[in-house]
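Colleague: Dropping the sequence and predicted coords here.
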Amino acid sequence: MIEISDLHVNYGRVHALSSISIKLQPGEIFAVLGANGAGKTTLLRSILGLTAARGAICFDGEDISGLTVTDRVRRGISLVPEGRRLFPEFTVEENLRIGAFNRTDRADVQRDIANICEVFPILKERSQQRSRTLSGGEGQMLAIGRALLARPRLLLLDEPSVGLMPIAVSEIFKMIGDIPKTKGITVLLVEQNAKKALAIADRAAVLELGRVVFEGDAGTVTADPRVKDAYLGG
Ligand SMILES: Nc1ncnc2c1ncn2[C@@H]1O[C@H](COP(=O)(O)OP(=O)(O)OP(=O)(O)O)[C@@H](O)[C@H]1O
Ligand SMILES: [Mg+2]
């Protein structure tokens with residue numbers, strides 16, 4: 001569904017990504033693990049076109065690497081950014097609507113908002129509240145809901161569990177784990193919580209200093225001694 005080949009990103013003299021090649025199958029959850037500064041956010045941003053990259057990004061057979069961000073969103077790619085990036089003075093409902101900025105099917109947008117509120121009942125309760133008043137977990141649900149309103153076929157998630165209490169983390173991961181089954185969406189999940197990410201992922205890759213150093217199905221990655229030592233607490 002998406003195939004990234006030989007992707008490079010430089011920030012001045014910093015080589016943030018070096019020759020990344022990753023291929024995702026439709027309907028899978030692919031986890032990308034890695035330490036701070038490994039290049040995880042850069043990878044997600046360059047898939048959406050927010051960061052300039054060299055290399056090919058093939059989405060459903062089309063090279064999208066020359067397209068604008070808006071056109072990539074139109075093709076069906078949506079990002080839940082690092083740190084959520086909600087509009088704090090806008091209400092929950094207004095934030096959800098922003099996710100549908102590229103759509104003209106108003107009635108369907110309304111139906112999708114109702115659907116998101118079924119998945120996250122708290123968003124319905126808080127729908128007229130400014131998003132700055134939400135808790136961390138509620139804010140993350142809103143950020144995911146907003147990304148889903150673009151009706152993506154590929155959802156990019158940048159550290160959705162960061163800053164959440166354990167109970168909220170479990171809830172968020174359960175919800176993410178259900179996305180391919182309930183919505184048929186492919187998920188690329190960047191996480192520092194390697195254990196939780198590997199538990200819901202089909203496959204995973206480990207990034208170190210902008211390179212993929214290890215890739216395999218989630219079971220193999222979980223069992224690998226190098227991954228255990230570095231990312232799963234031994
Ligand atoms: N706009 C930028 N200008 C210069 N260097 C940058 C920029 N953005 C990222 N970098 C550098 O690129 C490297 C990769 O950063 P990136 O944000 O992709 O890492 P990350 O894996 O997401 O880290 P974290 O887990 O801390 O979020 C880092 O060394 C970072 O300092
Ligand atoms: Mg990051």
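Modeller: Now that the structure is in, tell me what you want to look at. Numbering: from 1, shown residues only. Ligands and ions are numbered 1, 2, ... in the order given.
Colleague: Show residues contacting the longest helix along the chain.
Modeller: As assigned by DSSP state H, the longest helix anywhere in the chain is helix 166-183. When contacts are defined by CB atoms under 8 Å, 6 or more residues apart in numbering, helix 166-183 is touched by residues 27-29, 119-120, 135-137, 140-141, 144, 148, 155, 157, 160-161, 164, 185-187, 189, 193, 196-197, 199-200. (Each C-beta comes from the backbone N, C-alpha and C, glycine too.)
Colleague: ok, the closest residue to Val109 other than its chain neighbours to Asp112 distance?
Modeller: Distances taken as CB to CB, 6 or more residues apart in numbering place Ala100 nearest to Val109, at 4.5 Å, with adjacent residues excluded. Here Ala100 is placed at a distance of 7 Å from Asp112 (CB to CB, to the nearest Å).
Colleague: what's the overlap in contacts for those two?
Modeller: Residues touching both Ala100 and Asp112 by CB under 8 Å, 6+ apart: Leu149.
Colleague: Surely Asp108 is within a helix?
Modeller: Yes - counting by DSSP: H, G, I helix; E, B strand; the rest coil, Asp108 falls inside a helix.
Colleague: quick one: the residue nearest to Glu208 when sequence neighbours are not counted and ligand 1, what's the gap?
Modeller: In space, Glu208 comes closest to Ala38 once its chain neighbours are excluded; the distance is 5.8 Å by CB to CB, 6+ apart. For Ala38, the distance to ligand 1 (CB to the nearest ligand atom, to the nearest Å) stands at 4 Å.
Colleague: Is the residue nearest to the spatial centre of the chain in a helix, a strand, or coil?
Modeller: Centroid-nearest residue in the chain, with CA atoms, centre = their mean: Leu157, separated by 1.4 Å. Following three-state DSSP, we place Leu157 in the strand state.
Colleague: Could you pull up the residues touching it?
Modeller: For Leu157, the contact set (CB under 8 Å, 6+ apart) comprises Leu79, Val80, Ile144, Ala147, Ile176, Val187, Leu188, Leu189, Val190, Glu191.
Colleague: can you pick the most crowded of these?
Modeller: Highest neighbour count within those, by other CB atoms under 10 Å: Leu189, with 28 neighbours.
Colleague: doesn't Phe30 make contact with that one?
Modeller: Yes - contact criterion CB atoms under 8 Å: Leu189 and Phe30 qualify, at 7.0 Å.
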